[in-house]
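S.K.: sequence and predicted structure, then a few things I'm wondering about:
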Amino acid sequence: MASTAKADDRTLDCSELDKIMGKPMTTWMLRDPLSNNEFRRWAQAMHFPNLLHYDDDYAARGRYGTLVAPQSFTIAAGEGHGACPAGAGRIPDSHLIFGGDEWWFYGPRLFAGDRVVHEKIPFDYVIKETKFAGPTCFQRGDNNYYTQDGTMFAKQRSTSIRYRPDLAVEMKSMDQTEDPVWTDEELADIEKRKLIYINMMHELGHNRRYWDDIQVGDELPERVFGPHSVASFATEWRAYLMNLWGGAHRNQDCDPVQLGYVGPMAGWEMDPVEERVNPENTDGAYIGPSRGHLFKRWAQFVGMPREYGYGASMGAWILDYLAGWAGEWGFVVHCNSQYRGPAFTGDITIQTGEVIDKLTDEEGRHLVQIKTKMANQDGTTMATATAEVELPKR
């Protein structure tokens with residue numbers, strides 16, 4: 001593997017990070033207002049068949065009278081899906097994967113015609129020894145999201161895991177390099193299981209899920225989707241608006257070369273100069289650090305066994321799971337997620353949740369606290385989260 005690190009050097013040089021902590025990065029925004037088709041594309045890419053986000057006729061009869069963006073869509077409207085301030089600062093010979101997100105949502109909701117201004121501020125970091133890649137940097141960064149009138153409607157504190165891919169390969173973190181094989185009967189069963197959650201959303205419809213009717217210990221319906229594939233991961237990537245050629249006011253805060261990414265994984269991702277020359281080099285799918293998600297060769301280059309999904313998408317799946325259960329009169333006010341491992345090609349994702357508390361906060365909101373888990377077909381935990389969801393009271 002191409003690396004400037006010495007064979008016997010197992011250190012991770014994070015000395016540059018202290019210089020940028022707490023210092024705002026360049027603000028970022030898309031060139032054009034948001035549109036309904038972008039909401040539709042996002043719901044489709046996130047496997048979230050909630051009619052409120054893609055069916056005009058259904059939405060017209062609902063609370064808002066029109067299509068509304070999923071709460072998770074906030075990630076799509078910003079730069080780097082939250083990773084920029086959590087991955088700022090040079091760490092030589094490194095790579096990055098997502099480790100978690102904490103969200104606070106304040107409102108309002110996003111509609112067609114809105115604009116989003118994204119503010120990024122590196123927060124903190126710590127270095128720990130891991131079985132995955134030896135010395136590993138867990139870095140956090142704040143993403144503040146504002147509407148066009150300056151209203152801060154969401155805050156995302158992302159955690160990145162920054163590591164040396166040569167050590168990840170050396171420590172033999174890669175196993176299960178081949179996709180699981182599903183029989184026709186198993187695939188048919190998966191399709192039936194998918195309908196459990198989908199039918200729950202249809203049955204609730206435009207009605208309210210009342211706080212009064214929820215009890216501690218109540219279980220949310222199982223949500224299943226997949227099997228994941230290169231095609232589904234590519235569909236996800238294309239729904240992040242930052243990847244559209246010419247779609248955003250670019251800057252070079254997140255230049256992979258300056259961040260210390262290894263050799264061929266550096267590339268020109270989101271480079272404003274190269275985008276005007278050959279944009280295929282800049283959108284992340286073909287060249288640069290994100291291509292490990294879509295090509296096994298590059299997945300294994302950074303220590304992953306095979307093509308793998310996006311951490312930011314996992315965060316969206318969690319928010320969608322909660323919001324779909326809460327219905328259009330509910331609202332996810334806070335969610336703290338930890339990502340244990342990505343979705344791999346061939347795997348399915350299974351989400352479960354349980355109500356662990358009911359409360360009324362100092363603002364008088366009626367909240368239920370939910371603990372949720374995401375796992376694959378083998379029971380391997382992919383992510384866990386604890387969230388507070390506001391529900392209407394009778």
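M.R.: Everything's here; your move. For clarity, every value in this text was computed on a predicted model and none was experimentally measured. Residues are numbered from 1 along each chain as shown.

S.K.: local confidence estimate at residue 254?
M.R.: Per-residue confidence (pLDDT) for residue 254: 68.

S.K.: err, residue 130, not the other one
M.R.: 90.

S.K.: the one 3 residues further on now?
M.R.: According to the prediction, residue 133 has pLDDT 87.

S.K.: same thing with the one 3 residues further on?
M.R.: We have a pLDDT of 94 for residue 136.

S.K.: so who does it touch?
M.R.: Neighbouring residues of residue 136 by CB atoms under 8 Å, 6 or more residues apart in numbering: 12, 127-130, 161-163. Every C-beta, even on glycine, is put in place using the N, C-alpha and C of the backbone.

S.K.: just the buried positions in stretch 15-32, please.
M.R.: For stretch 15-32, burial by neighbour count (16 or more other CB atoms under 10 Å) applies to 17, 20-21, 25, 28-30.

S.K.: same check on stretch 346-363?
M.R.: In stretch 346-363, counting by 16+ other CB under 10 Å, buried: 346-353, 355, 358.

S.K.: quick one, strands of this structure?
M.R.: 28-29, 95-105, 116-130, 134-147, 152-163, 219-225, 331-339, 349-360, 366-375, 381-390 (DSSP state E).

S.K.: residue 300 is nearest to which of those strands?
M.R.: Comparison of the strands of the chain against residue 300 by CB to CB identifies strand 95-105 as nearest, at 12.1 Å.

S.K.: and the angle for that closest one with strand 331-339?
M.R.: Calculated by axes from the mean of the first three to the mean of the last three CA atoms, to 10 degrees, strand 95-105 forms an angle of 160 degrees with strand 331-339.

S.K.: for the chain, longest helix please?
M.R.: When the chain is scanned for its longest helix (criterion: DSSP state H), the result is helix 184-204.

S.K.: can you point out the buried residues in that helix?
M.R.: So, applying 16+ other CB under 10 Å, buried residues of helix 184-204: 190, 194, 197-198, 200-201, 204.

S.K.: got the residues you listed as TSV, with distance to residue 311 and pLDDT columns?
M.R.: Below are the buried residues of helix 184-204 laid out as TSV (distance: CB to CB, whole Å; pLDDT from 0 to 100):
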residue	distance to residue 311	pLDDT
190	23	98
194	23	98
197	22	98
198	25	98
200	26	98
201	25	98
204	29	98
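
S.K.: which one of those residues sits closest to residue 225?
M.R.: Distances from residue 225 to the buried residues of helix 184-204, taken by CB to CB, are shortest for residue 194, at 6.2 Å.

S.K.: list the contacts of the closest one.
M.R.: Neighbours of residue 194 in contact, by CB under 8 Å, 6+ apart: 223-225.

S.K.: filter the contacts of residue 136 down to the buried ones, PyMOL style.
M.R.: If you want just the buried ones from the contacts of residue 136 in PyMOL, going by 16+ other CB under 10 Å, the selection is:
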select buried, resi 12+127+130+161+162+163
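
S.K.: check the contacts of residue 136 and tell me the two furthest apart.
M.R.: Among the contacts of residue 136, 129 and 162 lie farthest apart (CB to CB), at 13.9 Å.

S.K.: and of the buried residues of helix 184-204, the nearest to residue 176?
M.R.: Nearest to residue 176 among the buried residues of helix 184-204, with distances taken as CB to CB, is residue 190, at 19.1 Å.

S.K.: I'd guessed the closest one sits against residue 224; true?
M.R.: Yes: at 6.2 Å, residue 190 and residue 224 qualify as touching, with contact defined as CB atoms under 8 Å.

S.K.: could you name every residue contacting both of the two?
M.R.: residue 348.

S.K.: which positions within the helix or strand of the chain with the lowest mean pLDDT qualify as buried?
M.R.: Least confident helix or strand of the chain, by mean pLDDT, DSSP states H and E, is helix 256-259 with a mean of 74. By neighbour count on 16+ other CB under 10 Å, the buried set for helix 256-259 is 256, 259.

S.K.: swap in stretch 336-345?
M.R.: So for stretch 336-345, counting by 16+ other CB under 10 Å, buried means 336-337, 339, 341-345.

S.K.: possible to save those as CSV with distance to residue 54 and pLDDT?
M.R.: Listed next are the buried residues of stretch 336-345 as CSV, based on distance: CB to CB, whole Å; pLDDT from 0 to 100:
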residue, distance to residue 54, pLDDT
336, 28, 98
337, 24, 97
339, 27, 95
341, 30, 90
342, 26, 93
343, 22, 95
344, 27, 96
345, 26, 97
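
S.K.: from those, which two are the most distant?
M.R.: Using CB to CB, the two most remote members of the buried residues of stretch 336-345 are 336 and 345, lying 28.0 Å apart.

S.K.: give me the nearest residue to the one residue sitting closest to the centre of the chain, chain neighbours excluded.
M.R.: Most central in the chain under CA atoms, centre = their mean is residue 312, positioned 1.4 Å from the mean C-alpha point. Of all residues not flanking residue 312 in the chain, residue 81 sits nearest, at 3.5 Å (CB to CB, 6 or more residues apart in numbering).

S.K.: which stretches of the stretch 201-350 of the chain form helices?
M.R.: Counting by DSSP state H, counting those that start in this stretch, the stretch 201-350 of the chain has these helices, from start to end: 230-239, 256-259, 296-301, 311-326.

S.K.: and the first one, what's its mean pLDDT?
M.R.: When pLDDT is averaged along helix 230-239, the result is 96.

S.K.: helices and strands around it, which ones?
M.R.: If you count contacts as 3 or more CB pairs under 8 Å, 6 or more residues apart in numbering; DSSP states H and E, helix 230-239 packs onto helix 36-45.

S.K.: report the buried residues of the helix it packs on.
M.R.: Buried-residue list, helix 36-45, by 16+ other CB under 10 Å: 36, 38-43, 45.

S.K.: pLDDT score assigned to residue 172?
M.R.: So, for residue 172, pLDDT stands at 61.

S.K.: check contacts around the residue nearest to the centre of the chain.
M.R.: Residue 312 makes contact with 75, 81-83, 98, 101, 240, according to CB under 8 Å, 6+ apart.

S.K.: let's see 10 Å
M.R.: Counting by CB atoms under 10 Å, 6 or more residues apart in numbering, residue 312 touches 72, 75-76, 78, 80-83, 98, 101, 156, 158, 236, 240, 339.
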